[in-house]
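> fold the following and give me the result.
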Amino acid sequence: MGIFSRKKKSDSALDLGLSSTRRGFFSRIARAVMGKASVDEDVLEDIEEALITSDVGIATTTKIIERLQQRVEKEKNLSTEKVMEILKEEISDMLSASSTSGVSDEELVENAFKDNSVLFDFSRKPYVIMVVGVNGVGKTTTIGKIASLLKKNGKRVMIGAADTFRAAAVEQLDIWAQRAGVEIVKQQMGADPAAVAYDTVSSAAAKGVDVVLIDTAGRLQNKVGLMNELTKIKNVMAKVVPDAPHDVMLVLDGSTGQNAFNQAKEFSKATQVTSLAITKLDGSAKGGVVIGIADQFNIPVKFIGVGEQVDQLKVFSREDFVEALFKEEKN
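The predicted structure follows:
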């Protein structure tokens, strides 16, 4: 039984959020294989073009095509439906780095905010997440949405506004904190980011907070300064909670395609990134970037953003993602 043989209720928000990518990606692949008597080099080239155009990336696309070619050579006279199924399986395999060993996608999503969650280790109190990413990728909004979802599921959350270089970032976080009903620790613009992080973690530890989300500034134009700043933030938090941060989450804007690859590369050099949140996949035909990033960086994708609403920040499920990507559009 294949990984996609079990029928399950589709996620309408995810389906809608990936509609632009699906229209480009699925329609191109469908045109490449449908009506063909056999899978030849021309078909494989058309599939390759569809993958690259969807910003899967050249390295990952090459890997997928090579695997698909091996399967085609091994299993002669494949139907077009079988080729599509093989392609789905190969893409899912590319996303395997984003899966948690021993936990099904269904369990992952169902228990995302519960005590047995694999996304958050609630036995560590507080569980500290340091969120990184360049300005404009949706970092502050993602923090607010995660805080809101955690609060709705009964967790006590605190936000640290350590991006003290932008007044707008602190103001936006403050609005999200009020909206979610969670505490926020902030200081005046220009304050030491590490001091804000230290105060946040200290307060959270004293109050028995479950999860701490620390916003940070992302200024890639000064990579050495960025590395030093993130290291300093980590060190001061570890003075209060020795193994903090427990997660360094990089937020990437999926609509920027290859720029997201470059940002992932640079932040991975600056700090040890342990998870990803990929935003703004709605309204963009570049959703294939999720596949390439998961494959090339071997970093788990925990969340994807497919809209502005809180419930449109989705816990990433590779099965749901691939099903939504290949879902046939109804006329």
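
> neighbouring contacts of the host helix or strand of Ser268?
Taking DSSP states H and E as the criterion, Ser268 maps to helix 258-270. Helix 258-270 is contacted from outside by 55, 57, 132-134, 137, 218, 220, 223, 226-227, 230, 250, 252-254, 256, 273, 276, 278, 289, 292-293, 296-297, 299, using Cβ atoms under 8 Å, 6 or more residues apart in numbering. For every residue, glycine as well, the C-beta is placed using N, CA and C.

> okay, and which of those residues map to helices?
Secondary structure defined by DSSP state H assigns 223, 226-227, 230, 289, 292-293, 296-297 of those to helices.

> now for the helix or strand harbouring Glu85, which elements pack on it?
In the assignment (DSSP H and E), Glu85 maps to helix 80-94. Under the contact criterion of 3 or more Cβ pairs under 8 Å, 6 or more residues apart in numbering; DSSP states H and E, helix 80-94 touches helix 19-33, helix 58-74, helix 289-297, helix 318-326.

> so which bits of the helix or strand following that helix are buried?
Once the chain leaves helix 80-94, the next helix or strand it forms, by DSSP H and E, is helix 105-110. By neighbour count on 16 or more other Cβ atoms under 10 Å, the buried set for helix 105-110 is 105, 108-109.

> need those in CSV (columns: pLDDT).
Shown next, in CSV, are those (pLDDT from 0 to 100):
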residue, pLDDT
Asp105, 84
Leu108, 86
Val109, 88
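
> turn those into TSV, including distance to Arg23.
Below are those laid out as TSV (distance: Cβ to Cβ, whole Å):
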residue	distance to Arg23
Asp105	24
Leu108	27
Val109	25
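
> how about Lys302, what does it touch?
119, 249, 275-277, 315-316.

> which non-adjacent residue is nearest it?
Ser275 (4.6 Å; Cβ to Cβ, 6 or more residues apart in numbering).

> what does Ile86 give?
Arg71 (5.1 Å).

> returning to that earlier point: just the buried ones from the ones in helices among the contacts of helix 258-270?
226, 230, 289, 292-293, 296-297.

> returning to that earlier point: burial-wise, tell me which of the helices and strands packed on helix 80-94 comes out on top.
Mean neighbour count (mean count of other Cβ atoms under 10 Å) peaks for helix 289-297 among the helices and strands packed on helix 80-94, with a mean of 25.

> domains in this structure, as residue ranges please.
Split into domains by automatic domain parsing, the chain comes to 12-97, 103-318.

> and Ile184, that one's in a helix?
No: if the criterion is DSSP: H, G, I helix; E, B strand; the rest coil, then Ile184 is strand and not within a helix.

> residues near it, how many?
By other Cβ atoms under 10 Å, 21 other residues sit near Ile184.

> and it, what are its bridge partners?
Counting by DSSP bridges, Ile184 forms beta bridges with Ile159.

> residues touching it, list them.
Contacts of Ile184 (Cβ under 8 Å, 6+ apart): 158-161, 173-174, 177.

> apply 7 Å and report the result again.
Ile184 makes contact with 159, 161, 173-174, 177, according to Cβ atoms under 7 Å, 6 or more residues apart in numbering.

> possible to save those as a markdown table with pLDDT, secondary structure and distance to Tyr127?
Shown next, in a markdown table, are those (pLDDT from 0 to 100; DSSP: H, G, I helix; E, B strand; the rest coil; distance: Cβ to Cβ, whole Å):
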| residue | pLDDT | secondary structure | distance to Tyr127 |
| --- | --- | --- | --- |
| Ile159 | 98 | strand | 13 |
| Ala161 | 96 | strand | 18 |
| Leu173 | 94 | helix | 19 |
| Asp174 | 95 | helix | 22 |
| Ala177 | 96 | helix | 18 |
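
> just these now: which is nearest Val209?
The nearest member of the contacts of Ile184 to Val209, counting by Cβ to Cβ, is Ile159 at 10.2 Å.

> for the closest one, give its distance to Ala168.
15 Å (Cβ to Cβ, to the nearest Å).

> other residues contacting the helix or strand of the chain with the lowest mean pLDDT?
When the helices and strands of the chain are scored by mean pLDDT, DSSP states H and E, helix 19-33 comes last with a mean of 77. With Cβ under 7 Å, 6+ apart as the test, helix 19-33 has contacts from 39, 43, 46-47, 50, 53-54, 80, 83-84, 87, 281, 283-288, 324-327, 329.

> run the last query once more with 6 Å
By Cβ atoms under 6 Å, 6 or more residues apart in numbering, the residues outside helix 19-33 that reach it are 43, 46-47, 50, 54, 80, 83, 283-285, 287, 325-326.

> ok, of the residues you listed, which come out buried?
By neighbour count, with 16+ other Cβ under 10 Å, the contacts of helix 19-33 hold 43, 46-47, 50, 54, 80, 83, 284-285, 287, 325-326 as buried.

> quick check, nearest of the buried residues of helix 105-110 to Leu14?
Out of the buried residues of helix 105-110, the member with the shortest distance to Leu14 (by Cβ to Cβ) is Val109, at 10.5 Å.

> was I right to think the closest one contacts Arg318?
No: between Val109 and Arg318 no contact is recorded; they are 10.9 Å apart, counting by Cβ atoms under 6 Å.

> tell me who's in contact with the residue nearest the centre of the chain.
Compute the mean C-alpha point of the chain, and by Cα atoms, centre = their mean the closest residue is Ala277, 2.8 Å away. Neighbour list for Ala277: 142, 249, 251, 303 [criterion: Cβ under 6 Å, 6+ apart].
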